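everything below, folded, please.
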Amino acid sequence: MTRRYCYTLDLKEDPQLISDYKKHHEKIWPEVASSYRECGVEDMEIYLVGTRMFMIMEVNDRFTFEQKARADATPRLQEWERLMETFQQVPDNASGHKWMPMERIFQLKAQ
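All right, here's what the predicted structure looks like:
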C-alpha cells in the first residue's frame, strides 16, 4: 500500500537562487536519491510557483519517519540539507521542520 504525504516550503525571493535550486534538482546527488529509496520513498515530486514549493512524497509500507530521520543524519545528507537551506526560507516554527506538512481538505473520490 502506498501512502502520500504533501508538504510546502518557500524559496528565497531571488530569481538567481531559484534558478540555481532548480538546477540542483535536475540531478540530485546519488547519495540523496539512494537514501530516499532505501527508506521506502517510492516517488517524490516538487512543484514550484513563484517562491512557493509543493512536494508530494509517496512511500511504501516499510517507510517510517524515524528511519528517514536517521538516514538524514548522515554527513552527506546533512551536507545536501545545508546546501538546500541557502535557497530556502526556513520557517520559524516550533516543529523544527523545514517542509511543513499540508492538511488535505478535499478529495474528489470521497464525494
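
can you show me the strands along the chain?
3-11, 41-49, 52-59, 88-89, 100-101 (DSSP state E).

make a markdown table from those strands and add distance to Ile18, mean pLDDT and mean neighbour count to it.
The way it works is simple: take the backbone N, C-alpha and C, and place the C-beta from them, glycine included. Formatted as a markdown table, the strands of the chain follow (distance: least, C-beta to C-beta, whole Å; pLDDT from 0 to 100; neighbours: other C-beta atoms under 10 Å):
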| stretch | distance to Ile18 | mean pLDDT | mean neighbour count |
| --- | --- | --- | --- |
| strand 3-11 | 5 | 96 | 15 |
| strand 41-49 | 8 | 98 | 13 |
| strand 52-59 | 10 | 98 | 16 |
| strand 88-89 | 11 | 94 | 16 |
| strand 100-101 | 19 | 92 | 12 |
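
format these as JSON lines; extra columns: distance to Trp29.
Shown next, in JSON lines, are the strands of the chain (distance: least, C-beta to C-beta, whole Å):
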{"stretch": "strand 3-11", "distance to Trp29": "19"}
{"stretch": "strand 41-49", "distance to Trp29": "14"}
{"stretch": "strand 52-59", "distance to Trp29": "17"}
{"stretch": "strand 88-89", "distance to Trp29": "17"}
{"stretch": "strand 100-101", "distance to Trp29": "24"}
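
which of these sits closest to His25?
Among these, the nearest to His25 by C-beta to C-beta is strand 41-49 (6.6 Å).

for Asp61, give its distance to Gly40.
To Gly40, Asp61 is 7 Å away according to C-beta to C-beta, to the nearest Å.

which one of these two has more residues nearby?
Higher neighbour count among Asp61 and Gly40: Gly40, with 17 against 9, using other C-beta atoms under 10 Å.

all set now, cheers.
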